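Trainee: Build me a structure from this.
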Amino acid sequence: MNQITKVSAIITNTTPVWVPEFTDFFNKVSDIINANRGTCKVSYTVGKKFIKIIVDNSVWGFISLYSGEYDKAPVKSGDLLKPAGFNRPARHSRGNIIDGTASYCAYGPNYLK
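Mentor: Reported below is the predicted structural model:
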């Protein structure tokens, strides 16, 4: 079972609309990273609350799996968050991959303006 099949199974149990959006987003991010940074190993892990996108040995960003509150800030399912550390996302979202408002580049989610 590959990683996209695993995340599809997890997400299908909670939010079925996520599967095509996540697959498209992950493939687009992988292409942008490899075009701008050279050949990199791009992968992800699925946790209880977030999907962590990893490039080589560093965290590129997080995607929220739930809607609610994280670190006293509101999050929606599909929100893109910048990493605060290897295992922890930053407080505020940088857009949403489901509604197409995610703001990112080859090096991670963009800073807030």
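Trainee: Going by residue numbers, what spans are strands in this structure?
Mentor: Remark: strands assigned in the chain by DSSP state E are 42-46, 50-55, 58-64, 68-70, 73-75, 79-83, 89-96, 104-105, 108-109.
Trainee: quick one: average confidence on stretch 85-99?
Mentor: Stretch 85-99 shows a mean pLDDT of 92.
Trainee: Can you give the distance of that stretch from its chain's centre?
Mentor: The offset between the C-alpha centroid of stretch 85-99 and the centroid of the whole chain comes to 7 Å, using CA atoms, centre = their mean, to the nearest Å.
Trainee: What is the end-to-end distance of it?
Mentor: Using CA to CA, to the nearest Å, the end-to-end distance of stretch 85-99 comes to 26 Å.
Trainee: Sort out which residues of that stretch are buried, please.
Mentor: For stretch 85-99, the neighbour count (16 or more other CB atoms under 10 Å) marks 89-90, 93-98 as buried. C-beta here means a position set from N, CA and C on the backbone, and glycine is covered the same way.
Trainee: thinking again about what came up before, what's the closest of the strands of the chain to Asn27?
Mentor: The minimum distance between Asn27 and these falls on strand 42-46, with 9.6 Å, by CB to CB.
Trainee: what pairs with that closest one, and is each one parallel or antiparallel?
Mentor: Using DSSP bridges, the strands paired with strand 42-46 in its sheet are strand 50-55 (antiparallel).
Trainee: Buried residues in the strand it pairs with, which are they?
Mentor: In strand 50-55, counting by 16+ other CB under 10 Å, buried: 50-55.
Trainee: Pro109 is in contact with Ala102, isn't it?
Mentor: Yes: judged on CB atoms under 8 Å, Pro109 makes contact with Ala102 at a distance of 7.4 Å.
Trainee: got any residues that touch both of those two?
Mentor: Common contacts of Pro109 and Ala102 (CB atoms under 8 Å, 6 or more residues apart in numbering): 80, 94-95.
Trainee: okay if I get these as a markdown table plus distance to Asp31?
Mentor: Converted to a markdown table, those look like this (distance: CB to CB, whole Å):
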| residue | distance to Asp31 |
| --- | --- |
| Leu80 | 17 |
| Arg94 | 19 |
| Gly95 | 18 |
